[in-house]
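> Next one to model:
(one chain, ligands or ions: 1)
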Amino acid sequence: MSKYSPADIEPKWQNFWEANQTFKTSEDRTKPKFYCLDMFPYPSGAGLHVGHPEGYTATDILCRYKRANGFNVLHPMGWDAFGLPAEQYALQTGTHPAVTTETNCGNFKKQIKSLGLSYDWGREINTTDPKYFKWTQWIFIKMYNTWFDADLQKGRPISELTIPSEIQDQGIEAVRQFQDDNRLAYYDEASVWFCPHCKTVCANEEVLGDGSHEKCGKKGVYKKGLKQWQMRIAHYAERLLKGLDTVDWPAGVIDMQKNWIGRSTGAEVDFNIKGSENKLRVYTTRPDTLFGATYMVVAPEHELLDTLVQADKKDEVAAYIQASGLKSDLERTELAKEKSGVFTGSYGINPLTGEEIPIWVADYVLINYGTGAIMAVPAHDNRDFEFAKTFDLPIRCILDPTLKGASADQTATFKWSKKEINKLLSNPAGQEEVRQAILNGEECWTGNGQAINSSNDSIDINGQKKKDAVRTVTKWLAEQGLGEFKINYKLRDWLFSRQRYWGEPFPIIHWEDGEVSGVETSDLPVRLPDLEDYHPAESGESPLARAGDWLDVVDKNGRKGRRETNTMPQWAGSCWYYLRYIDPMNEDSLIDAAKENYWMPVDLYVGGAEHAVLHLLYSRFWHKVLFDLGVVSTDEPYQKLFNQGMILAFAYETENGSKVPSDEVEEREGKYWHIETGEELKQIVAKMSKSLKNVVNPDDVVDVYGADALRLYEMFMGPLEATKPWQTSGMEGQYRFLQKVWRNFNSEEGAFEYSTDEAPKELIKVAHQSIMKIESDIEGMRFNTAISQLMIFNNTIAKFDIRYREVMEIFVQVLAPFAPHLAEEMWAQLGKTDLSYTAWPASDPSKAEDDEVTIVFQVNGKVRAKASVPKGASKEELLKLAQANERIIEFTTGKEVVKEIVVPNKLVNIVVKG
Ligand code: ANZ
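Take a look at the predicted model:
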């Protein structure tokens, strides 16, 4: 063979690896380990797209490199295979989702294998396999039987939950209720979003601003009270937050998780209600602003609202409650153009001013945050300010603003535009004008300042800054029994059930006597029943509710029960899959302790940034529970996380912004034209999509250029974390590079003879420079620059007529992680075997050093000239060179030389006088 032919080489080595189980992970626990995880794909019917090989190639390079460095590598792959598309396909065609899933997984596997990725296929898992979801169900039962001990900050078995004696006295029902109120997985009435088209509940994140359902795109999603399974992830908020300090993750993802968890500190304050025994409790992050609270607001769902509404307000309030029930949280808050609300007719008493302040109901206050009620401080909170302006409520300034260095963001921009405010703030006179406006309540100030108008007979915080004032007021409230310090989290409990067919059945039985219990481990897995019809019922019940005999269970005492008919959401299987790879065949336990101990945590986890919160938060939560229960030995699952950037494609649009499919575009003289209309088009970068006809299929690329070229191209496009557009012309560049590699091993006449003579210095130098550069680039995940170095190395080899064995071997070894098929072929050509486990070549920094060094020539410490000289030149030689240098002569002629300083390999400094 004298031509580079990936179509011959690649299948050959893929078969070789498979036949020899080259990448089977060993259980030799004396070796250092490297657990490298890819986010496993959902095997869609469309097959792999070019985004998949990006992350997979990156991890593959690292794994191959680590094997060569003596690591025991765990590099597995599997399928996150429950999900809607297979179910929708089943609804249309009657094909069982399991059949569709199997076909799709097979196809994905074939495609992934064609890329030469070094997975240990013996550990393949599939979330829809009953052998796998048996343990998903097992974990669910564990969650059901666990409560969170807030004092110990730890999940504990429900059997260890102390039942207060007064509850015990009330009997078994009360005890059950008490336990249920503490379980990490619980079944309770929840006000949830329901899509009437899909007939299933949906998560908050799946409801778009206009009230449409993200999955089906149709409007009409509404809130419904339904009994649903939920998880008390909110109890783990502090643990989830603290754990982030211990992991090596991108700062952006850490921030997103922190924001999602949303920890804030403040106080809960009780307000007496005029003419009522009840108290209205609010949560505030700014107890220091209590003197400025001029009205209060309760959420439309607040439990006291009924008692607050005066007779003449009943109808108005009822209408308001109904209207806001149709809005999403987003519509109620960020998207709301105008504030809305209704006065209830009741008054609260401000505990600091003693004033009676009106209590309103308004939907900018959400029921599921804090206490669902607020004290409003319009002078210093934008939302309250807007509301007060709309309804003409009093605004009392209680902070003298610090306007130095302030910007429009710290004001409500009511009277002035942002631009005008910024202009005013830039000069002292303007600042004074803004200050007066704030003091008069014409503007809102949300920045820092000293307290004013903030004293009464028993407390005076005037002059204090925020931190001190918050502390003083919180302490005072606590002493008076009116409030207490409080930490709040935005993180809400996780709605965990869906009314779908293609998901894990809950391993739960509802007994006729009201008891709810988990299925015995020996009876797991609870398999999905076979159904003819996968439609959810009109009532919003899951299709499983029609599963006939499957539903009915009888225990050994003849007690009757009915199986839970909801299924788990798609997140469930991916919450713990990384654990199963460690011990995929274990039938007796989720994971063997010794194996877990050795392999965990995952050393590197690579995947898309779209999973920054949901999957990564859910799985951290499950992991922490498993840690508390002693199933795993680490508190965090993923030590290092890396997000690969998205691969986009070029797309074309007309002047008015409408998109034109790629096959209707032609390129002439570097410009793009609409074939049909002749209009010139703009080239833009967009997500690959079917409608734009710009989707690149990796199979097609492999057919033309081979997997090695595809791997190189995906890594060479730019930094792994960057978003970048696909360009097929770039593929050709990589293909040509591999052809050149081939030709460095094969002349027209056939394979070169390899010389065992010592290679020339230049070659040795580039070989050692390459080892060093490539290893540091791989470790730092800078694969694009490693490939550049490979190219330099290859070009240097090509400059010589002789092929030196020593150099060619190094070349193959450093090429291997990137283009493993061609590397194997060349390794065999060199007469060698076992490339994957041959030790990575040792670099010798002294050989990598350049032979020449740059010496600076100075006169009186000032650099006047530079020269390139052989390394190690003697002091005398260097001085001679300096003295002969024209510039140095110019600066020293006619002057007295006082001193000559020579530092070999660095500098010559001539000190002169006169
Ligand atoms: C008085 C106050 C004065 C407030 C001020 C803010 C600024 P974060 O920081 O996001 O935790 N709040 C409390 N519960 C609410 C609810 N259920 N729905 C809507 N808003 C609510 O927000 C806490 C602040 O948001 C609280 O502090 C409260 O307004 C409001 F100058 O109390 B604040």
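> With just CA atoms, put stretch 263-271 into CSV.
Extracted C-alpha coordinates of stretch 263-271, given in CSV (Å, rounded to 0.1, in the frame of the first residue of the first chain):
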residue,chain,number,x,y,z
ARG,A,263,-28.9,31.4,49.4
SER,A,264,-29.8,34.7,51.0
THR,A,265,-29.8,35.9,54.6
GLY,A,266,-32.1,38.2,56.4
ALA,A,267,-34.9,38.0,59.0
GLU,A,268,-38.4,36.8,59.4
VAL,A,269,-40.5,39.5,61.0
ASP,A,270,-44.0,39.3,62.5
PHE,A,271,-46.4,42.1,61.9
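> Provide the strand pairings for the helix or strand containing residue 910, with the direction of each partner.
Element membership of residue 910, judged by DSSP states H and E, is strand 907-913. The strands beside strand 907-913 in its sheet (DSSP bridges) come out as strand 852-859 (parallel), strand 896-903 (antiparallel).
> what's in contact with it?
Applying CB atoms under 8 Å, 6 or more residues apart in numbering, the contact partners of strand 907-913 are 855-861, 878-879, 881-883, 888, 891-892, 895-902. (C-beta placed from N, C-alpha, C; glycine too.)
> Ok, stretch 758-775 next?
With CB under 8 Å, 6+ apart, stretch 758-775 has contacts from 65, 785-786, 789-790, 792-793, 796-797, 800, 804, 806-807, 810-811, 814, 840-845, 847-851.
> what does stretch 639-648 give?
Contacts of stretch 639-648 (CB under 8 Å, 6+ apart): 50-51, 54-55, 58, 247-250, 253, 601-609, 612, 616, 685-688, 714, 717-726, 781.
> so what's the closest residue to residue 23 other than its chain neighbours scoring on pLDDT?
The shortest distance from residue 23 to any non-neighbouring residue, by CB to CB, 6 or more residues apart in numbering, is to residue 118 (4.3 Å). On the pLDDT scale, residue 118 is placed at 98.
> Test my guess that residue 118 contacts residue 836.
Yes - contact criterion CB atoms under 8 Å: residue 118 and residue 836 qualify, at 7.3 Å.
> Go ahead and flag the most central residue of the chain.
For the chain, the residue lying nearest the average C-alpha position, counting by CA atoms, centre = their mean, turns out to be residue 612 (1.6 Å).
> Residue of the stretch 401-550 of the chain nearest the ligand, please.
Nearest to the ligand in the stretch 401-550 of the chain, going by CB to the nearest ligand atom, is residue 488, at a distance of 5.7 Å.
> how many other residues sit next to that residue?
By the criterion of other CB atoms under 10 Å, residue 488 has 18 neighbours.
> can you pull the contacts of it?
So residue 488 contacts 262-266, 283, 369-370 (CB under 8 Å, 6+ apart).
> Please apply the same query to residue 109.
Residue 109 neighbours (CB under 8 Å, 6+ apart): 121, 124.
> before we move on, back to that, beta partners of the residue of the stretch 401-550 of the chain closest to the ligand?
With DSSP bridges as the rule, residue 488 is bridged to residue 264.
> Now the buried members of the contacts of strand 907-913.
855-859, 878-879, 881-882, 888, 891-892, 902 (16 or more other CB atoms under 10 Å).
> Now the helix or strand encompassing residue 103: buried residues?
Assessed by DSSP H and E, residue 103 sits inside helix 97-113. Residues 97-98, 100-102, 104-105, 107-109, 111-113 are the ones in helix 97-113 that count as buried (16+ other CB under 10 Å).
> would you list these in CSV and tack on pLDDT and distance to the ligand?
Output for those, formatted as CSV (pLDDT from 0 to 100; distance: CB to the nearest ligand atom, whole Å):
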residue, pLDDT, distance to the ligand
97, 93, 41
98, 94, 44
100, 92, 44
101, 94, 42
102, 95, 47
104, 94, 43
105, 96, 44
107, 95, 46
108, 96, 42
109, 97, 46
111, 96, 46
112, 97, 44
113, 96, 49
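> Could you dump those into JSON lines with distance to residue 867 added?
Shown next, in JSON lines, are those (distance: CB to CB, whole Å):
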{"residue": "97", "distance to residue 867": "75"}
{"residue": "98", "distance to residue 867": "75"}
{"residue": "100", "distance to residue 867": "72"}
{"residue": "101", "distance to residue 867": "70"}
{"residue": "102", "distance to residue 867": "71"}
{"residue": "104", "distance to residue 867": "66"}
{"residue": "105", "distance to residue 867": "65"}
{"residue": "107", "distance to residue 867": "64"}
{"residue": "108", "distance to residue 867": "61"}
{"residue": "109", "distance to residue 867": "61"}
{"residue": "111", "distance to residue 867": "57"}
{"residue": "112", "distance to residue 867": "56"}
{"residue": "113", "distance to residue 867": "57"}
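> before we move on, back to that, if we check the ligand, which of the contacts of residue 488 are in contact?
Applying CB under 6 Å from any ligand atom, the subset of the contacts of residue 488 adjacent to the ligand comprises 264, 283, 369-370.
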